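Trainee: following is a predicted model, sequence given first.
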Amino acid sequence: MLFEISQNGAQYNGLCDDRLDFYWISRLTGSVKKIMQLQITLRLTTAIFMLVLSACIVSPATETRRKYAHELATRHDWQAVTLDTRPFSLQSFMPGAATTTDILSVYIEGDGLAWLSRRRASGDPTPVKPVGLQLALLDNHPSAYLARPCQYIWQQTCEPGLWTSARFSREVIDASNQALDQLKHLFGASQLRLIGYSGGAAIAALLSARRQDVIQLVTIAGNLDHLAWTQHHRVSPLSQSLNPADYWQTLATVPQLHFTGQNDRNINRHVTEAYLARFPADNRPPVKIIDGADHDCCWVEHWPALLRIVYAGK
């Protein structure tokens, strides 16, 4: 006698869930049925345990993510500084012996751990791998790092909209703008070079459109047109966010340099081209496509060489 167990991956308590369709075998004795049920229950329990354990491994605890960034900064003789803005306190890292400079490069972090799955937002956006910080630590010019709201620092104002639909909202840009003013003061700088990774590129672009002291906008795997991005991936629009592409007329006066990964399937060529298409054909910002790079890999390895291009421009 034959029987079949059908499994498929659905949601279980927000993590991973296996639904079993049981096709009981006819004419089995009651004792055999109980043995089969016990075997199936044990297999299901084991599968759920392993999936839950796997989810915990994939998404390290918030404190682990915070500790990693602080230890990474410390190894490079950088220190953590909290920038108090309204309505957020924003995490920054900078050299322990910050020197006075006329031009300060500020690296703005990506979206971090914004989502746990396609439909489930993260409870805390602190990055698992802070690419923006890793890039900043490789820059020998006067530089500082700026995290996004609720990354590393949790407060009462934190709620999932700030790293999902409202990740580029006016409120977020206002707070980031205040943080830039504080960083300028700490370094005695008069001008800024804004360098944004992934979603941090959108923040950098929106800040560049607002300020008069940005001498260069640099993006890495940058989301510069989130409307084109959400349409391409067929996900909900970022309805509470400002879109950098809408500010192309102001940004046309800002020197720009954009790096995209040849194998980036997240912020792909379609998104970048949608942003560039806003500009007149004879005044489109330069884009450099990096062979072998995707959205996450391998910007840290490429960055020392790309920095020479960045600083050759200004």
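Mentor: It's in.

Trainee: tell me the confidence at the spatially most central residue of the chain?
Mentor: Central residue of the chain (Cα atoms, centre = their mean): residue 111, 2.5 Å from the mean position. pLDDT recorded at residue 111 is 97.

Trainee: find the nearest non-adjacent residue to it, please.
Mentor: residue 199 (3.8 Å; Cβ to Cβ, 6 or more residues apart in numbering). Where C-beta positions appear, they are placed from N, C-alpha and C, glycine not excepted.

Trainee: this structure: helices as residue ranges?
Mentor: Remark: helices assigned in the chain by DSSP state H are 30-58, 62-75, 131-136, 170-187, 199-210, 226-233, 248-251, 269-276, 299-313.

Trainee: hang on, the earlier thing: quick one: contacts for the residue nearest to residue 111?
Mentor: 110, 111, 114, 148, 167, 168, 223 (Cβ atoms under 8 Å, 6 or more residues apart in numbering).

Trainee: scan the helices and strands of the protein for the one with the lowest mean pLDDT.
Mentor: strand 5-10 (a mean of 37; mean pLDDT, DSSP states H and E).

Trainee: which residue in the contacts of residue 199 has the weakest pLDDT?
Mentor: At the low end of pLDDT for the contacts of residue 199 is residue 114, which has 92.

Trainee: didn't that residue look like it was pressed against residue 167?
Mentor: Yes: Residue 114 is within contact range of residue 167, at 7.1 Å (criterion: Cβ atoms under 8 Å).

Trainee: what's around residue 304, how many residues?
Mentor: Residues near residue 304, counting by other Cβ atoms under 10 Å, number 12.

Trainee: ok, it to residue 171 distance?
Mentor: 36 Å (Cβ to Cβ, to the nearest Å).

Trainee: quick check: beta-bridge partners of residue 217?
Mentor: residue 194, residue 256 (DSSP bridges).

Trainee: wait, it sits on residue 204?
Mentor: Yes: using Cβ under 8 Å, residue 217 is in contact with residue 204, at 5.9 Å.

Trainee: touching both of these two, which residues are there?
Mentor: What both residue 217 and residue 204 touch, as defined by Cβ under 8 Å, 6+ apart, is the set 194, 196.

Trainee: okay, the two: which has more neighbours?
Mentor: residue 204 (31 against 26).

Trainee: what's the nearest residue to that one if we skip its chain neighbours?
Mentor: residue 196 (3.2 Å).

Trainee: OK, contacts around that neighbour?
Mentor: 107, 108, 132, 202, 203, 204, 205, 217, 218, 219, 220, 222.

Trainee: make a markdown table from the contacts of residue 199 and add distance to residue 212 to it.
Mentor: Shown next, in a markdown table, are the contacts of residue 199 (distance: Cβ to Cβ, whole Å):
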| residue | distance to residue 212 |
| --- | --- |
| 110 | 26 |
| 111 | 27 |
| 114 | 31 |
| 148 | 23 |
| 167 | 25 |
| 168 | 21 |
| 223 | 24 |
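
Trainee: closest to residue 308 among those?
Mentor: Lowest distance from residue 308 to these (Cβ to Cβ) belongs to residue 110, with 22.8 Å.

Trainee: any stretches of the chain with poor pLDDT?
Mentor: Scanning the chain with the threshold set as pLDDT under 70 gives 1-59, 314.
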